[in-house]
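Novice: Give me coordinates for this.
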Amino acid sequence: MTTVLEFDTPTAATVGRAVDALAGRRIAVLTGAGVSTDSGIPDYRGKGAPVRTPMTAQQFLSSDAARRRYWVGSHLGWRAFAASHPNGGHDALAALERAGIVTGLITQNVDGLHVRAGSRRVVELHGTMRRVLCTHCGQVFDRRDLAVRVERDNPWITVPDAVELGPDGDVLRSSSEGFVVPACSVCDGMLKPDVVFFGEYIPALKFTEAEQLVAASDALLIAGSSLVVNSGIRLLERARRRRLPIVIVNRGETRGDSRATVKVDAGTTEVLQALAHALPAAG
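Specialist: Numbers count the residues shown, from 1 in each chain. Just a heads-up that it's a prediction; the model follows:
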């Protein structure tokens with residue numbers, strides 16, 4: 001068994017078992033919000049996570065007041081996202097991809113930190129805060145350009161020193177009074193961040209891409225996800241039915257623990273760094 005010394009003895013033994021399960025295999029990776037907590041972005045369901053009542057797609061599309069509230073919070077939240085940096089876990093996964101060990105990465109996060117860390121094949125299941133779409137004509141806008149417009153039309157808006165940020169990039173408490181909602185500069189249509197809202201389905205082509213990544217791999221590594229969202233469980237099931245080794249790294253229980261080959265109950269940053277150190281040598 002591979003020995004990992006950076007942890008207490010029981011955790012080191014479990015990480016060693018994870019290395020043994022993954023060694024010499026092409027690994028698909030699925031990540032959730034827990035991978036980004038060390039970058040200052042909170043988890044949905046981890047210990048101390050704020051109680052969330054996220055806006056649904058129906059609310060956003062049907063209510064002017066809801067869109068104003070969302071856009072204020074989303075703008076402030078995007079600014080906080082943009083100021084965050086990839087952590088050691090993001091860097092470790094990018095390094096494993098460069099080494100040819102990780103075949104690609106599927107993420108439930110919309111923060112873009114995997115891309116910024118240098119991961120190249122990234123399937124963003126729930127979209128990304130980097131882009132904004134027109135719901136009428138389909139025009140795509142870079143979020144940075146839209147932010148300039150938002151601040152030009154709402155010069156009073158400021159980014160507080162400390163915002164109560166949600167994992168989806170929304171600020172939890174913000175005033176929307178007087179806010180001018182941005183519209184499409186091509187057709188004056190309604191704009192929507194390129195993210196999957198609660199009440200929306202993941203685009204079929206996006207999920208198919210994730211399935212294909214798992215199908216082309218020899219193992220599945222799940223990091224920082226409680227697997228409450230069904231898309232994660234469906235991908236885990238694809239791997240289980242093919243009898244692939246499944247390693248789950250997460251603090252606390254997940255819905256997939258009983259189906260994992262190895263479950264590591266520890267911080268994702270430290271464990272992913274340990275895997276990036278051990279797997280090239282073990283392969």
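Novice: all contacts plus neighbour counts: C-alpha atoms, from now on.
Specialist: OK.
Novice: Check this protein and tell me which residue is nearest its centre.
Specialist: With distances taken as Cα atoms, centre = their mean, Asn109 lies nearest the centre of the chain, 1.5 Å away.
Novice: Convert the C-alpha atoms of the lengthiest helix in the chain to CSV, please.
Specialist: Ranked by residue count under DSSP state H, the longest helix found in the chain is helix 64-83. Extracted C-alpha coordinates of helix 64-83, given in CSV (Å, rounded to 0.1, in the frame of the first residue of the first chain):
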residue,chain,number,x,y,z
ASP,A,64,-39.0,42.6,-12.9
ALA,A,65,-38.4,43.0,-9.1
ALA,A,66,-36.8,39.6,-8.8
ARG,A,67,-34.5,40.3,-11.8
ARG,A,68,-33.4,43.6,-10.2
ARG,A,69,-32.7,41.9,-6.9
TYR,A,70,-30.8,39.1,-8.6
TRP,A,71,-28.7,41.4,-10.8
VAL,A,72,-27.6,43.5,-7.9
GLY,A,73,-26.5,40.5,-5.9
SER,A,74,-25.1,38.7,-9.0
HIS,A,75,-23.0,41.8,-9.9
LEU,A,76,-21.5,42.2,-6.4
GLY,A,77,-21.0,38.4,-6.2
TRP,A,78,-19.3,38.2,-9.5
ARG,A,79,-16.9,41.0,-8.4
ALA,A,80,-16.1,38.8,-5.3
PHE,A,81,-15.7,35.7,-7.5
ALA,A,82,-13.3,37.7,-9.8
ALA,A,83,-11.2,38.6,-6.8
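Novice: what comes up buried for the helix or strand following it?
Specialist: Counting by DSSP states H and E, the element after helix 64-83 in chain order, helix or strand, is helix 88-98. Going by neighbour count (16 or more other Cα atoms under 10 Å), the buried part of helix 88-98 is 88-97.
Novice: Quick check, pLDDT for Ala239.
Specialist: We have a pLDDT of 98 for Ala239.
Novice: Run through the stretch 51-200 of the chain and note the low-pLDDT ranges.
Specialist: 51-53, 158-175 (pLDDT under 70).
Novice: Kindly recompute the last result at 90.
Specialist: 51-57, 66, 69-70, 72-84, 129, 155-179, 197-200 (pLDDT under 90).
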